[in-house]
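Participant: Structure, please.
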Amino acid sequence: MTTGHRPAADSAPSRERDKRLLLPVREVAEMFDVSRSTIVRAYEAREFPVVKFRGTYRVPRKFVEDLLAAAVPGRLVVVEEYAAEWAARNAALLAAAVV
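Facilitator: Have a look, this model is predicted:
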């Protein structure tokens, strides 16, 4: 006797969890719906954590995830202020990642 249920399809590769520790500035800018240069200017003003590897810049995934988790209904999150607090809490992480 069949139940009419089919087994779930295998997850598509695009649905797999992204495990990268560092994200390209371009992708982060798209996530926040701002230009890449906005992120770069924030980094240059020391308002946004970025890891420089040779000529490329990457944003720690943990920062993006923590920022989005902090943006709960009823709470105003100012990115510049949050980034400064986050960088102070995660100084060891950032120091280890700078190449």
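Participant: rest of the way, CA atoms for contacts and neighbours
Facilitator: OK.
Participant: what's the spacing between N90 and R26?
Facilitator: 23 Å (CA to CA, to the nearest Å).
Participant: Contact partners for I39?
Facilitator: Contact partners of I39, counting by CA atoms under 8 Å, 6 or more residues apart in numbering, are 25, 29, 48.
Participant: among these, which are in helices?
Facilitator: Judged by DSSP state H, the subset of those located in helices is 25, 29.
Participant: Make JSON lines out of the contacts of I39 and add pLDDT, neighbour count and distance to P60.
Facilitator: What follows is these, written out as JSON lines (pLDDT from 0 to 100; neighbours: other CA atoms under 10 Å; distance: CA to CA, whole Å):
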{"residue": "V25", "pLDDT": "95", "neighbour count": "22", "distance to P60": "10"}
{"residue": "A29", "pLDDT": "95", "neighbour count": "16", "distance to P60": "13"}
{"residue": "F48", "pLDDT": "87", "neighbour count": "21", "distance to P60": "10"}
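Participant: Any chance of CSV for the contacts of I39, columns distance to E81?
Facilitator: Formatted as CSV, the contacts of I39 follow (distance: CA to CA, whole Å):
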residue, distance to E81
V25, 19
A29, 18
F48, 9
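Participant: Now the spatially most central residue of the chain: closest residue in space, sequence neighbours ignored.
Facilitator: By CA atoms, centre = their mean, the chain has its centre lying nearest to V64, at 2.9 Å. In space, and not counting its chain neighbours, V64 is closest to V28: 7.9 Å by CA to CA, 6 or more residues apart in numbering.
Participant: Can you name every helix or strand that the top strand by length along the chain contacts?
Facilitator: Assignment by DSSP state E gives strand 56-60 as the longest strand of the chain. Packed against strand 56-60 by the contact rule (3 or more CA pairs under 8 Å, 6 or more residues apart in numbering; DSSP states H and E) you find strand 22-24, helix 25-32, strand 51-53.
Participant: hmm, back to that, the more surrounded of N90 and R26?
Facilitator: Each of N90 and R26 has its neighbours counted (other CA atoms under 10 Å); R26 has more, 17 against 13.
Participant: All set, thanks.
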